Structure formats: C-alpha cells, structure tokens
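> Here you go, sequence then predicted model.
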Amino acid sequence: MKIAFFLTLVILVVELIGSYISHSLALLSDAGHVLTDIAAIGLSWYAMKQAMKPPNEAMTYGYHRSGILAAFINALSLIVIALVIGWEAYKRLQSPEPVSSTWMFISAGVGLVMNLYLGLGLSKEENINVKSAVLHMLGDAAASAGVIIGGIIIATTGWYAVDPILSFLIAVLIAFGAWKILKQTIGILMEGTPSGISIPDIVQAIRSIKGVYDVHDLHAWSITSGKNALSCHVVLDGSMSIRQSQSIIREIEHNLIHLGISHATIQTEDDGHPHKDAILCCDQEPEHHHE
C-alpha cells in the first residue's frame with residue numbers, strides 16, 4: 001500500500017501536466033479520479049495499521065471497523081467526483097475544444113501501466129477496505145485506456161467531442177463501482193446480515209443439536225469484512241448442569257464456524273424464561289406483572 005500511494009502520486013503529477021498541455025477534459029477527469037485514488041490508498045493504508053491495534057476498554061472489538069469507515073469515505077468521494085466530472089463533460093460537450101492527442105497518449109499510458117500493476121497486484125485481497133482501494137486503481141486503469149482510445153480517435157478524425165463523451169463514460173464507471181462498495185459498507189455499518197449468511201440455515205443448525213428446544217433473539221452481523229459474529233438465546237432443559245450446557249454450546253459454535261460465523265455469544269435459558277417466540281427480536285424484555 002505504501003508503494004501504491006507514492007506511485008499513484010506520480011500518476012497524478014503526470015496526468016495534471018498532460019491535461020494542462022493537451023487541454024483534455026478526459027485526462028483532467030482521469031487526474032481527478034487519481035486524486036481520489038491517493039486519498040483512498042492513504043485511508044486504506046491508515047485503516048490497515050489501525051486494525052492491527054489490540055482491543056481495549058474503549059474499543060472492545062478493536063479497530064477493525066476503521067477499514068470499513070475508510071471504504072465508506074472512499075465510495076462517497078468517488079460518487080462526488082463522478083458527479084463533478086459528469087457536469088464538466090456536459091458543459092464541454094456544448095462547445096467541444098481542440099485537444100492535443102499526443103500528450104493524451106503519454107499521460108494516459110503512464111496511468112494505465114502503473115494502475116494495472118498496482119490493481120492486479122492487490123486484486124486477490126479479500127479485505128473490503130483494500131478492495132475499495134483496488135477498485136479505484138482498476139477503474140482508473142480503465143479510464144486511462146479510454147483516454148488513449150479517445151486520443152486515437154481525435155488524432156485520426158479530429159472529432160473533439162469524443163473528449164467530453166469519454167469523460168462522461170469515466171464518470172459512469174466510477175459511480176457504478178463506488179455504489180457497490182457503498183452498499184457493502186452501509187450493510188456492515190448498519191449491522192446487516194453478512195453476505196452469504198443464511199439465517200434459516202443457522203436456525204436449523206442450532207435446532208438440530210440434541211438438547212436444544214428452541215432458539216430466539218438471533219442477530220448476525222459483520223465486525224469487519226470476513227469477520228462475522230452472532231448472538232442468540234437458546235432454550236435448554238432447566239435441569240441440565242452447567243457442564244452439560246457447555247457441551248451443547250461448543251457443538252453450536254462448531255456448527256456456526258462451518259456456516260461462516262467465527263464469533264458467537266450464546267445465552268442459555270430454560271422454557272420458563274419470559275420471552276417472545278420470534279427468531280428475530282429487537283425489543284425483548286422480561287414481562288413485568290403489576291398488581
């Protein structure tokens with residue numbers, strides 16, 4: 001990530017100089033995208049270092065969510081950039097201006113090679129924070145390729161309107177990728193059920209264990225990408241010893257690991273505990289009787 005940060009800074013300088021000399025809005029749009037790359041990579045780099053910090057009394061889950069927050073900010077920044085590029089492209093389309101295709105080739109070529117090198121090198125990472133940064137890089141590589149194609153069209157046909165058209169397409173590409181990351185991060189921050197986790201399958205896996213009468217008040221969420229957690233109440237025989245109940249809990253935890261849940265908090269109860277029977281329940285409170 002450190003190498004990616006400084007190489008992307010080089011791309012930004014090259015494309016800013018190239019856009020100034022060539023007067024290309026598409027290249028300037030790509031430079032704007034590269035600027036968000038630098039912010040994205042910087043945030044991801046910082047978040048990765050933060051996530052390594054151990055839990056403490058203030059942050060009992062540790063700092064894993066710092067990566068999710070970084071990905072969320074990155075996605076929002078990309079959407080804003082896409083809107084700005086789209087608006088500028090619309091204005092330029094009204095009155096296309098001459099563009100130097102030679103500098104478009106040079107600057108976009110540098111961006112294409114470096115972004116492909118960085119993006120493909122990090123593409124196998126599963127961390128959503130790193131994936132959001134990789135999305136920036138690969139999106140910018142695609143944008144650079146588009147600018148090169150645009151330069152070829154301008155050089156052969158003199159059709160300058162292709163420059164703002166490319167800018168608009170780059171904006172759509174940026175916004176589409178950002179929206180996917182934004183939905184993922186919002187789902188995690190809202191404690192939504194993780195992708196690939198089936199609540200019915202979890203309920204079935206718990207109920208299938210001998211000694212478990214029922215399960216309710218079940219919640220599944222992601223602490224961070226790839227680190228899923230669950231809490232639930234299970235109804236056991238009230239006469240069961242603590243040792244016997246621990247054996248059942250270990251079996252439940254074993255089943256949950258195979259379903260993608262790595263951290264589970266399980267509360268045991270007997271059938272006399274007052275509760276609602278719903279599997280999903282947010283307002284469960286013991287019933288109070290008033291005379």
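Perfect, thanks for sending it.
> what bits of the stretch 151-291 of the chain have low per-residue confidence?
By pLDDT under 70, the low-scoring segments of the stretch 151-291 of the chain are 225, 272-278, 281-291.
> For stretch 50-65, list every residue counted as buried.
Q50, A51, G62, Y63, H64, R65 (16 or more other C-beta atoms under 10 Å). For every residue, glycine as well, the C-beta is placed using N, CA and C.
> What residues does I206 make contact with?
V212, V215, C232, V234, I252, N255, L256 (C-beta atoms under 8 Å, 6 or more residues apart in numbering).
> Test my guess that D140 contacts V113.
No: between D140 and V113 there is no contact under C-beta atoms under 8 Å: 11.6 Å.
> More neighbours: which of the two?
Neighbour comparison, D140 and V113: the larger count goes to D140, with 30 against 13 (by other C-beta atoms under 10 Å).
> tell me which element the more buried one is part of?
helix 128-157 (DSSP states H and E).
> And for L218?
strand 214-224.
> From the buried residues of stretch 50-65, pick the one nearest Q244.
G62 (33.0 Å; C-beta to C-beta).
> Let me know the secondary structure of the residue lying closest to that closest one once chain neighbours are set aside.
Residue nearest to G62 in three dimensions, not counting chain neighbours: P55, with 4.3 Å by C-beta to C-beta, 6 or more residues apart in numbering. Judged by DSSP: H, G, I helix; E, B strand; the rest coil, the three-state class of P55 is coil.
> Now, of the contacts of I206, which are buried?
Applying 16+ other C-beta under 10 Å to the contacts of I206 flags V212, V215, C232, V234, I252, N255, L256 as buried.
> List the residues that contact the last one.
Residues touching L256, when contacts are defined by C-beta under 8 Å, 6+ apart, comprise I202, A205, I206, L230, A264.
> what separates it from S247, distance-wise?
15 Å (C-beta to C-beta, to the nearest Å).
> helices and strands around the helix holding D140, which ones?
helix 2-22, helix 25-51, helix 65-94, helix 101-122, helix 162-189 (3 or more C-beta pairs under 8 Å, 6 or more residues apart in numbering; DSSP states H and E).
> Lowest mean pLDDT across these, which one is that?
Lowest mean pLDDT of these: helix 25-51, a mean of 73.
> related to what we said a few turns ago, which one of the helices and strands packed on helix 128-157 lies closest to G150?
helix 162-189 (4.4 Å).
> I106 against I21, yeah?
No: taking contacts as C-beta under 8 Å, I106 lies outside contact range of I21: 9.3 Å.
> thinking again about what came up before, with secondary structure as new columns, can the buried ones among the contacts of I206 be given to me in a markdown table?
As requested, those are exported to a markdown table (three-state DSSP):
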| residue | secondary structure |
| --- | --- |
| V212 | coil |
| V215 | strand |
| C232 | strand |
| V234 | strand |
| I252 | helix |
| N255 | helix |
| L256 | helix |
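> now, which of those residues sits nearest P164?
L256 (53.2 Å).
> and that closest one, how far is that from W221?
Taking C-beta to C-beta, one finds L256 at 13 Å from W221.
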